[in-house]
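In: Need coordinates for the below:
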Amino acid sequence: MIQLSAATEADYPAIVALTNRAYREASGQASWKVETLVGGQRIDEALLRDDLAQPGAILLIARDDGGDYVGHLRLDASETGVWYLAMLTVNPDRQDGGMGRILLTAAEDHARAQGARRIRMSVIHQRTELVAWYQRRGYVLTGETGVFPYGDARFGTPTRDDLFFEMLEKPL
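Out: Model (predicted):
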């Protein structure tokens, strides 16, 4: 069982560290779980604060029954009932046991309980195995794409020049 609770500012350093480790450090992780297409940091505290300053944004910490911090995620609520899921992060030490699926389900349940009717997210197009993972969980490609933030080092350093985001969506 996973318990989600709102993150506090005291949690931010651990959230930044875990996000960067899970997204960008390949050691011990299957290659499809790491953004090898982008080097450097995934997030820093300033960018995290900017993200959370957006209307409706909430950062949730996931803990297991023993109280261990197993991951986190950001949800952006919307009055239209279409919420945005971002930064779904599982501690690499807890991957390969279904924790990603459990955390995704907890995020969907939380959003649904707050009135969400759909969840949207963006994934780097070239991360085909990750896109397929979300599709197996009911997310569909919308046909919408987004521009990768080239030139903004806060998001890391891309290793190629053809990156872009695919939008996925799931009805709740």
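
In: Could you use CA atoms for every contact and neighbour count after this?
Out: Will do.

In: What about Glu169, how many residues nearby?
Out: When neighbours are defined as other Cα atoms under 10 Å, Glu169 has 21 of them.

In: how close does it sit to Ala116?
Out: According to Cα to Cα, to the nearest Å, Glu169 and Ala116 sit 12 Å apart.

In: which helices and strands does the strand or helix carrying Leu48 pack with?
Out: Secondary structure assignment for Leu48, by DSSP states H and E: helix 45-52. Applying 3 or more Cα pairs under 8 Å, 6 or more residues apart in numbering; DSSP states H and E, we find helix 45-52 packed against helix 12-24, strand 57-63.

In: the inter-axis angle of the host helix or strand of Thr89 versus strand 57-63?
Out: Using DSSP H and E, Thr89 sits in strand 82-90. Going by axes from the mean of the first three to the mean of the last three Cα atoms, to 10 degrees, strand 82-90 is angled at 40 degrees with respect to strand 57-63.

In: Restrict strand 82-90 to CA atoms and write it as PDB.
Out: The C-alpha trace of strand 82-90 is given here as PDB (Å, rounded to 0.1, in the frame of the first residue of the first chain):
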ATOM      1  CA  VAL A  82      -8.200  17.300 -17.100                       C
ATOM      2  CA  TRP A  83      -5.200  17.100 -14.800                       C
ATOM      3  CA  TYR A  84      -1.600  16.900 -15.800                       C
ATOM      4  CA  LEU A  85       0.800  14.300 -14.300                       C
ATOM      5  CA  ALA A  86       4.500  15.100 -14.200                       C
ATOM      6  CA  MET A  87       7.700  14.000 -12.500                       C
ATOM      7  CA  LEU A  88       6.500  10.500 -11.600                       C
ATOM      8  CA  THR A  89       9.600   9.300  -9.800                       C
ATOM      9  CA  VAL A  90      10.300   5.900  -8.200                       C
END
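
In: by contact count, what packs against it?
Out: Here strand 82-90 touches helix 12-24, strand 69-76, helix 99-113, strand 118-124, going by 3+ Cα pairs under 8 Å, 6+ apart.

In: Do you know the pLDDT at the closest residue in space to Ile15 that isn't next to it in sequence?
Out: Sequence neighbours aside, His72 is the residue nearest to Ile15 in space, at 7.4 Å (criterion: Cα to Cα, 6 or more residues apart in numbering). His72 carries a pLDDT value of 96.
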